[in-house]
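Undergrad: Okay, here's the prediction I keep looking at, along with the sequence it came from:
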Amino acid sequence: MPIRRLPPETVNRIAAGEVVERPASAIKELVENALDAGATRIEIQADGGGLSRILIADDGHGMAADQLALAVERHATSKLEPDDAGDVDLLRISTLGFRGEALPSIGSVARLTITSRPREGGDAHQITVEGGDQRPVAPAGFPGPHGARVEVRDLFYATPARLKFMKSERSEAMAISEEIKRQAMAHETVAFTLDLDGRTTLRLPAEHPGDGGRLKRLAALLGRDFEANALLIDQARDGVRLTGYAGLPTYSRGNAGHQYLFVNGRPVRDRLLQGALRGAYADFLARDRHPAAVLFLEVDPLYVDVNVHPAKAEVRFRDPQLVRGLIVGALRHALAGAGHRASTTVAADALAGFRPHSGVGAGAAYSPSSPSAQGFSGWQGWAGSAAAAAQVLPGLNERSARVETLDLGAAPEPIPGGAEIIDPLDYPLGAARAQLHGTYIVAQTRDGLVVVDQHAAHERLVYERMKVQMAAGSVTRQALLTPEVVELDPAEAERVSARADELAQLGLIVEPFGAGAVLVRETPALLGDTDVQGLIRDIADDLSEHGAALALSERLGEVCGTMACHGSVRAGRVLSAPEMNALLRQMEATPHSGQCNHGRPTYVELKLADLEKLFGRR
């Protein structure tokens with residue numbers, strides 16, 4: 001068949017299939033145009049899931065009449081400046097939109113109307129494009145001093161087949177709302193308003209620049225719980241800066257829907273960034289739990305390619321290892337700085353489980369012989385309360401030889417410069433008062449109480465000690481009786497062999513074995529009798545996708561976690577008062593002790609004010 005040029009209308013519709021996948025995609029392109037135009041206020045309206053009507057209004061610098069006609073031409077843009085020789089540097093992209101495809105693509109599949117008044121002054125003008133048919137520019141009215149109003153009606157009417165692939169109006173509206181949330185997170189100094197089917201669903205005022213304004217914007221979008229449980233991230237390395245907020249491990253989610261990643265203000269869904277986020281929390285969360293985080297990466301445009309995806313949803317870094325190392329290091333530094341802190345939602349969930357009652361029965365008087373009183377096993381009245389308390393905590397008033405003493409730590413140290421001993425109530429986790437069901441330690445603080453899961457808490461302490469020991473020296477290795485040959489794709493084998501030195505630091509000794517295989521001589525002793533073939537293939541996959549051997553690190557982490565679980569204080573173990581207090585003191589001094597290795601909280605803290613509310617005292 002002969003080669004022929006496609007008509008311009010067909011070319012635009014093909015581009016629309018790549019750039020405008022659904023109404024949310026069209027809104028994304030139009031909002032990015034408004035942001036690039038310097039808008040401080042953007043209003044978005046969408047009817048019928050965005051398929052019936054979309055309106056984007058902004059107060060940016062606007063366009064003159066001669067610019068309107070160019071705006072709807074393919075590959076016409078104001079965002080790429082040629083140099084003196086007329087060449088355009090596509091490696092230094094500093095704007096969100098730059099392809100010049102969005103407006104002509106939308107106009108080829110919908111009824112597009114653009115009305116604008118330039119900031120420099122002059123009259124407003126309007127241009128209309130219907131299914132690729134461009135109308136002449138004409139004078140028009142405009143409600144503001146300057147800016148643009150872009151209206152899109154009957155999206156995909158010119159391509160009926162595309163309409164069949166659209167989801168319900170509700171689903172499309174939810175996608176639009178999610179897109180606006182992402183744009184609003186990245187630009188806290190811009191006011192956003194979103195109306196869906198005539199109902200205002202989002203109204204965000206402009207915030208002051210800086211971390212305070214950003215956190216306030218994130219709290220408005222993600223809720224006050226995120227604000228209360230977010231850790232500030234601000235680290236830089238070799239010209240790359242990472243800022244934002246990451247949630248505590250105990251403030252985790254069942255999916256990755258609360259992970260928002262941005263590169264130079266551009267929302268992205270990048271596997272490298274998502275993998276780095278997962279790696280940073282690997283020690284703190286189970287595989288089915290996901291951290292909540294909003295991270296902003298700032299990098300020189302020369303070191304990131306934003307032109308690898310038609311919708312600019314993915315990016316490619318010149319030095320992915322630098323970016324991944326920065327993310328993992330910054331997040332782990334912030335998590336270590338959180339110490340034993342647990343999320344506020346843990347206490348809120350605990351309080352929600354209480355069911356306060358105003359009395360035993362409506363109008364019924366209480367007596368020790370009543371059915372409710374008999375429900376308390378071991379009820380002895382007020383006279384027997386002291387004896388009952390002594391039974392709850394053996395060894396409180398005397399050193400009991402019946403309980404094995406654990407090496408959990410020393411007694412509280414004197415205050416430096418004086419002989420006065422610190423009151424245990426002044427410690428963050430307070431003083432142990434009781435042990436319940438051989439599992440839970442109840443401690444009293446100056447302004448409340450703390451309930452500790454002794455097994456989960458000690459598991460985290462043992463795990464952190466093992467990590468320190470691994471970091472202090474090389475991992476113990478075990479030689480295979482017969483070296484094992486693992487066949488791989490030649491490119492995979494080369495990648496694994498190239499990282500032999502790094503793998504050796506983790507206790508895995510490999511060497512090249514022909515064009516498409518590696519020979520494994522030694523494995524980490526912690527792994528025991530492991531599946532060598534599966535381990536090497538997982539490492540090869542990680543090196544291909546992330547550039548790092550995550551599989552081996554994660555497996556070592558899992559083994560350490562399992563060993564820590566078996567080596568920690570078991571539930572049901574009776575502890576003496578010194579042992580319980582020693583456990584509390586070590587928790588306070590150990591990073592990440594607010595959650596176990598699986599991301600579950602190790603303690604719940606209830607403030608005195610919360611208890612008073614339960615009993616109607618306030």
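TA: In hand now; what should we look at? Numbering: from 1, shown residues only.
Undergrad: Next secondary structure after the helix or strand bottoming out on mean pLDDT in the chain?
TA: Sorting the helices and strands of the chain by mean pLDDT, DSSP states H and E puts helix 385-392 at the bottom, at a mean of 35. Scanning forward in sequence from helix 385-392 by DSSP states H and E, the next helix or strand is strand 431-436.
Undergrad: could you point out which element follows that next one?
TA: Reading on from strand 431-436 to the C-terminus, the next helix or strand found by DSSP H and E is strand 440-445.
Undergrad: Can you tell me which helices and strands that following strand packs against?
TA: strand 431-436, strand 448-453, helix 577-589 (3 or more Cβ pairs under 8 Å, 6 or more residues apart in numbering; DSSP states H and E). Where C-beta positions appear, they are placed from N, C-alpha and C, glycine not excepted.
Undergrad: do that again at 10 Å, thanks
TA: strand 431-436, strand 448-453, helix 454-472, helix 577-589, strand 603-607 (3 or more Cβ pairs under 10 Å, 6 or more residues apart in numbering; DSSP states H and E).
Undergrad: lowest-confidence stretch among these?
TA: Mean pLDDT is lowest for helix 454-472 among these, at a mean of 76.
Undergrad: Who are the contact partners of the spatially most central residue of the chain?
TA: Centroid check for the chain by Cα atoms, centre = their mean gives residue 293 as the closest residue, at 2.6 Å. By Cβ atoms under 10 Å, 6 or more residues apart in numbering, the contact set of residue 293 is 226, 230-231, 233, 244-247, 256, 258-261, 273, 277, 280-281, 327, 331.
Undergrad: one step back: now for the helices and strands packed on strand 440-445, which one comes closest to residue 321?
TA: helix 454-472 (19.6 Å; Cβ to Cβ).
Undergrad: right, and the helix or strand after the helix or strand residue 212 falls within?
TA: Assigned by DSSP H and E, residue 212 belongs to helix 211-222. Beyond helix 211-222 on the C-terminal side, the first helix or strand identified by DSSP H and E is helix 224-228.
Undergrad: sorry, back to before: next one: the helix holding residue 212 to chain centre, how far?
TA: 15 Å (Cα atoms, centre = their mean, to the nearest Å).
Undergrad: For stretch 572-590, buried residues please.
TA: 573, 575-587, 590 (16 or more other Cβ atoms under 10 Å).
Undergrad: Oops, could you answer that again for stretch 220-234 instead?
TA: Buried-residue list, stretch 220-234, by 16+ other Cβ under 10 Å: 220-222, 225-226, 229-231, 233.
Undergrad: Among those, which one lies nearest to residue 47?
TA: residue 221 (22.9 Å).
Undergrad: Next one: that closest one relative to residue 255, how far apart?
TA: Going from residue 221 to residue 255 by Cβ to Cβ, to the nearest Å gives 17 Å.
Undergrad: next one: residue 111
TA: With Cβ to Cβ as the criterion, residue 111 and residue 255 are 37 Å apart.
Undergrad: ok, those two, which is more surrounded?
TA: residue 111 (19 against 9; other Cβ atoms under 10 Å).
Undergrad: So what does that one look like in phi/psi?
TA: The phi/psi pair for residue 111 (degrees, to the nearest 10) reads phi -100, psi 110.
Undergrad: Could you pull up the residues touching it?
TA: Contacts of residue 111 by Cβ under 10 Å, 6+ apart are 53, 128-131, 133, 151-155, 157-158.
Undergrad: Can you get me a residue count around the spatially closest residue to it that is not a sequence neighbour?
TA: Take residue 111 and drop its neighbours on the chain: the residue closest to it by Cβ to Cβ, 6 or more residues apart in numbering is residue 153, 4.3 Å away. Counted with other Cβ under 10 Å, residues neighbouring residue 153 total 16.
Undergrad: Same question for residue 301.
TA: 15.
Undergrad: Compute the first-to-last residue distance for stretch 487-504.
TA: 19 Å (Cα to Cα, to the nearest Å).
Undergrad: So what touches that stretch?
TA: 474-475, 477, 486, 508-520, 522, 524, 533, 536-537, 539-544, 547-549, 552.
Undergrad: switch to 8 Å and redo it
TA: Outside stretch 487-504, the residues that touch it by Cβ atoms under 8 Å, 6 or more residues apart in numbering are 509-512, 515-518, 536-537, 539-540, 543-544, 549, 552.
Undergrad: what sits up against the helix holding residue 212?
TA: With Cβ under 8 Å, 6+ apart as the criterion, helix 211-222 contacts 181, 184-185, 188-189, 204, 207, 226-227, 230, 232, 234, 243-245, 258, 292, 294.
Undergrad: Quick check: nearest residue in space to residue 74, chain neighbours excluded?
TA: residue 104 (4.6 Å).
Undergrad: May I have the secondary structure class of residue 598?
TA: coil (DSSP: H, G, I helix; E, B strand; the rest coil).
Undergrad: Burial check on the closest residue to it other than its chain neighbours, number of neighbours?
TA: Leaving aside its sequence neighbours, residue 598 sits nearest to residue 286 (Cβ to Cβ, 6+ apart; 4.3 Å). Look at residue 286: counted by other Cβ under 10 Å, it has 13 neighbours.
Undergrad: do the same with residue 290
TA: Counted with other Cβ under 10 Å, residues neighbouring residue 290 total 22.
Undergrad: hmm, back to that, read off the pLDDT value for the residue nearest to residue 598.
TA: 73.
Undergrad: Assign a three-state SS to it, would you?
TA: Residue 286 ends up coil, using three-state DSSP.
Undergrad: was I right about it contacting residue 596?
TA: No: applying Cβ atoms under 8 Å as the test, residue 286 and residue 596 come out as separate, 9.5 Å apart.
Undergrad: Now do the contacts for the residue nearest to residue 78 when sequence neighbours are not counted.
TA: Nearest residue to residue 78, sequence neighbours excluded (Cβ to Cβ, 6+ apart): residue 67, at 7.7 Å. Shown in contact with residue 67 (Cβ under 8 Å, 6+ apart): 78, 116, 118.
Undergrad: Can you tell me how far the first one is from residue 149?
TA: Spelled out, that is residue 78. As for residue 78, its distance to residue 149 is 18 Å (criterion: Cβ to Cβ).
Undergrad: State the distance from the spatially closest residue to residue 337 that is not a sequence neighbour to residue 330.
TA: Once flanking residues are discounted, residue 337 sits nearest to residue 231: 7.3 Å by Cβ to Cβ, 6+ apart. Distance, residue 231 to residue 330, by Cβ to Cβ: 10 Å.
Undergrad: Equivalent analysis for residue 509, please.
TA: Residue 509 sits 31 Å away from residue 330, going by Cβ to Cβ.
Undergrad: With neighbour numbers in mind, choose between these two.
TA: residue 330 (23 against 17).
Undergrad: Now do the contacts for that one.
TA: 233-235, 242.
Undergrad: Please repeat the previous calculation with a cut-off of 7 Å.
TA: Listed by Cβ atoms under 7 Å, 6 or more residues apart in numbering, the contact set of residue 330 reads 233, 235, 242.
Undergrad: Quick check: phi and psi on it?
TA: Dihedral angles (degrees, to the nearest 10) for residue 330: phi -70, psi -40.
Undergrad: Apart from its neighbours in sequence, what residue is nearest it?
TA: Spatial nearest neighbour of residue 330, excluding adjacent residues (Cβ to Cβ, 6+ apart): residue 235 at 3.7 Å.
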